[in-house]
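Peer 1: Show me how the following folds:
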Amino acid sequence: GGVDMKRFWSIFQFESMNYIKNKVFLGITLFLIVVIGIVLSFPRISEFFASDTTTEEKAVIALGGVTDAGDLAYFQHAMPDKTVEMVEKSADELKQDVDKGVYESAVFILEDHSYQYIVKNIGMYDTTQTVVNEVMKTRYQALALSQLGANEEEIAAFLSAAVSGEVVQTHGGKDQLNTFFYTYILMIALYMLILLYGQFVAMSVATEKSSRAMELLITSANPKHFMFGKILGAGCAGLMQFILIFGSAYGFYQLNAGYYADQPMIQSIFNMPLSILLYALMFLVLGFFLYAFLYGALGSMVSRIEQMNTAVMPVTFLFVFAFMAVVFSMSGGAVDSTFMKVLSYIPFISPMAMFVRIAMGNVTALGIVFSVVFLMATALLVGYLAAGIYRMGVLMYGQPPKIKEMVKMLKESKQ
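Peer 2: Prediction:
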């Protein structure tokens, strides 16, 4: 027992240090932390470089056609970021002016209900037309009210009547728009880490096997300890990376929180409930074990590194399918559909599907427990089988074994 534990720990330390000392691992981690730091400090940085002396020229919009003096005020009020100029020009003249760049754009009013919006380049976020539609509507309503005999004050009171609405959410409900962003980010983190570290495990097993170093190790250490040591080592490094990256993002956000006061999306990401983060960590760990065991077993069955990609392809495909299915359901807002309910109890998909349902949908506590227990049991079973395959795989060279042979060998190795 004690000797085995000692061997397990030495394998574990060796493996985790392998990642931590790895220049690529360190490079990627540092690079991500720096990028997150720059992105989250961007408002502060850009404020630092922006000089106070320059005042931007406002874009000029020309207003022509059937207008009266009061219209200018309507339009100017609706477009505070632009200068509205009333002009006595025909639509064709305005087209030429806009084309030459005299005006950024022009609104030519044809009659009470219709107008032309004259513009050269329509920007992706050009909302001018929406604004003009609203102004035209208000203008028409004011005109109609005055014809009915209302005076200016009454018209103003009519048109500026405010509606106040308050959202009352029942207990335990979720605001999907609010939860979407952080769920999505955590989902991608789960996906990247499980896939990346699973493949690291497979690679490291295959590398050692091809250098025949493992035969010596296997004969001196229990393969179960050996594989668990390897996988835990990789898992530990992955977890550290996750904590470092997310921790630094949180730190940078706190430093610059003042700049994000009016950004509900960014706020929703960093004000996510702690429980959601803990669930993400739990599913990350369980999902990692499940896939790392599979990857480790597959890695032990290839004789040459080149066969690696072909061997792990089915597992990678399964995981990519899980990710796509869950993202598709998330984007449609259907996180509690029957499809998602089924997925959240399939162990190979549940780390992502159940996590998304916890964050964005309605799941009973029992449902969560059931899914997690099922996932743990599957991970243990796969681990147990993987250790057996691993022991056989390591001592086998030549062609990767067929499934029938593997089952036979597993039975023999258990006796």
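Peer 1: going forward, measure contacts between C-alpha atoms and count neighbours the same way
Peer 2: Fine.
Peer 1: So for the one helix or strand Met240 maps to, mean pLDDT?
Peer 2: Per DSSP states H and E, Met240 falls inside helix 223-255. When pLDDT is averaged over helix 223-255, the result is 85.
Peer 1: and that helix, which residues are buried?
Peer 2: 223-239, 241-242, 244-246, 248-250, 252-253 (16 or more other C-alpha atoms under 10 Å).
Peer 1: what packs against it?
Peer 2: Other helices and strands packing on helix 223-255, by 3 or more C-alpha pairs under 8 Å, 6 or more residues apart in numbering; DSSP states H and E, are helix 2-20, helix 23-40, helix 176-210, helix 274-301, helix 365-395.
Peer 1: quick one: it to chain centroid distance?
Peer 2: With C-alpha atoms, centre = their mean, to the nearest Å as the basis, helix 223-255 stands 19 Å off its chain's centre.
Peer 1: do the same with stretch 184-191
Peer 2: With C-alpha atoms, centre = their mean as the basis, stretch 184-191 stands 5 Å off its chain's centre.
Peer 1: if you average pLDDT over that stretch, what comes out?
Peer 2: Mean pLDDT, stretch 184-191: 88.
Peer 1: Now that stretch - C-alpha only, CSV.
Peer 2: This file holds the C-alpha atoms of stretch 184-191, laid out as CSV (Å, rounded to 0.1, in the frame of the first residue of the first chain):
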residue,chain,number,x,y,z
TYR,A,184,-21.6,30.5,-22.7
ILE,A,185,-18.1,31.5,-21.5
LEU,A,186,-18.0,28.7,-18.9
MET,A,187,-19.2,26.2,-21.5
ILE,A,188,-16.4,27.1,-23.9
ALA,A,189,-13.9,26.9,-21.0
LEU,A,190,-15.2,23.4,-20.1
TYR,A,191,-15.0,22.4,-23.8
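Peer 1: thought Ala353 was touching Met340?
Peer 2: Yes. With contact defined as C-alpha atoms under 8 Å, Ala353 reaches Met340; the gap is 6.5 Å.
Peer 1: between these two, who's got more neighbours?
Peer 2: More crowded of Ala353 and Met340, by other C-alpha atoms under 10 Å: Ala353, with 29 against 22.
Peer 1: Please give the element, helix or strand, for the more buried one.
Peer 2: Counting by DSSP H and E, Ala353 is part of helix 350-360.
Peer 1: quick one, that helix and helix 176-210 angle?
Peer 2: 160 degrees (axes from the mean of the first three to the mean of the last three C-alpha atoms, to 10 degrees).
Peer 1: So what's the gap between helix 350-360 and the chain middle?
Peer 2: The answer for helix 350-360 is 13 Å, by C-alpha atoms, centre = their mean.
Peer 1: who does it touch, helix- and strand-wise?
Peer 2: helix 176-210, helix 274-301, helix 308-331, helix 338-343, helix 365-395.
Peer 1: JSON lines please, covering those and showing distance to Leu40.
Peer 2: Listed next are these as JSON lines, based on distance: least, C-alpha to C-alpha, whole Å:
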{"stretch": "helix 176-210", "distance to Leu40": "15"}
{"stretch": "helix 274-301", "distance to Leu40": "20"}
{"stretch": "helix 308-331", "distance to Leu40": "25"}
{"stretch": "helix 338-343", "distance to Leu40": "33"}
{"stretch": "helix 365-395", "distance to Leu40": "34"}
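Peer 1: of all those helices, which gets the most neighbours per residue?
Peer 2: When you average the neighbours per residue for each of the helices and strands packed on helix 350-360 (mean count of other C-alpha atoms under 10 Å), helix 274-301 leads with a mean of 23.
Peer 1: now that helix and helix 176-210, what's the angle there?
Peer 2: Using the same axes, to 10 degrees, helix 274-301 lies at 30 degrees relative to helix 176-210.
Peer 1: Now do helix 274-301 against helix 365-395, angle only.
Peer 2: Using the same axes, to 10 degrees, the inter-axis angle of helix 274-301 relative to helix 365-395 is 20 degrees.
Peer 1: pLDDT averaged over helix 274-301, what's the number?
Peer 2: Here the average pLDDT along helix 274-301 is 88.
Peer 1: Assign the residue located most distally from the centre of the chain to helix, strand or coil.
Peer 2: Distance from the C-alpha centroid of the chain peaks at Gly149, with 56.4 Å (C-alpha atoms, centre = their mean). What DSSP: H, G, I helix; E, B strand; the rest coil gives for Gly149 is coil.
Peer 1: Show me what counts as buried in the very next helix or strand once past the helix holding Met240.
Peer 2: Scanning forward in sequence from helix 223-255 by DSSP H and E, the next helix or strand is helix 264-270. For helix 264-270, the neighbour count (16+ other C-alpha under 10 Å) marks 266-269 as buried.
Peer 1: Just send these back as TSV, with pLDDT and distance to Tyr184 too.
Peer 2: Shown next, in TSV, are the buried residues of helix 264-270 (pLDDT from 0 to 100; distance: C-alpha to C-alpha, whole Å):
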residue	pLDDT	distance to Tyr184
Ile266	81	13
Gln267	80	15
Ser268	78	12
Ile269	81	10
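Peer 1: so which of those residues would you say is closest to Ile194?
Peer 2: Of all these, Ile194 sits closest to Ile269, with 21.6 Å by C-alpha to C-alpha.
Peer 1: what residues are up against the nearest residue to that closest one once chain neighbours are set aside?
Peer 2: Excluding its sequence neighbours, the residue lying closest to Ile269 (C-alpha to C-alpha, 6 or more residues apart in numbering) is Tyr182, at 4.7 Å. Taking C-alpha atoms under 8 Å, 6 or more residues apart in numbering, we find Tyr182 in contact with 268-270, 272.
Peer 1: Then Lys230?
Peer 2: Contacts for Lys230 were tallied using C-alpha under 8 Å, 6+ apart; they are 11-12, 15, 201.
Peer 1: cutoff 7 Å now
Peer 2: Lys230 makes contact with 11-12, 15, according to C-alpha atoms under 7 Å, 6 or more residues apart in numbering.
Peer 1: next one: Leu63
Peer 2: Applying C-alpha under 7 Å, 6+ apart, the residues near Leu63 are 84-87, 106-108.
Peer 1: Name only those of these that count as buried.
Peer 2: 84, 86, 106-108.
Peer 1: For Ser10, grab the count of nearby residues.
Peer 2: Around Ser10 there are 13 residues (other C-alpha under 10 Å).
Peer 1: what about Thr130, how many neighbours?
Peer 2: By other C-alpha under 10 Å, the residues close to Thr130 number 9.
Peer 1: same question, Leu32
Peer 2: The burial count for Leu32: 18, using other C-alpha under 10 Å.
Peer 1: quick one: which of the buried ones among the contacts of Leu63 sit in strands?
Peer 2: Within those, residues falling in strands by DSSP state E are 84, 86, 106-108.
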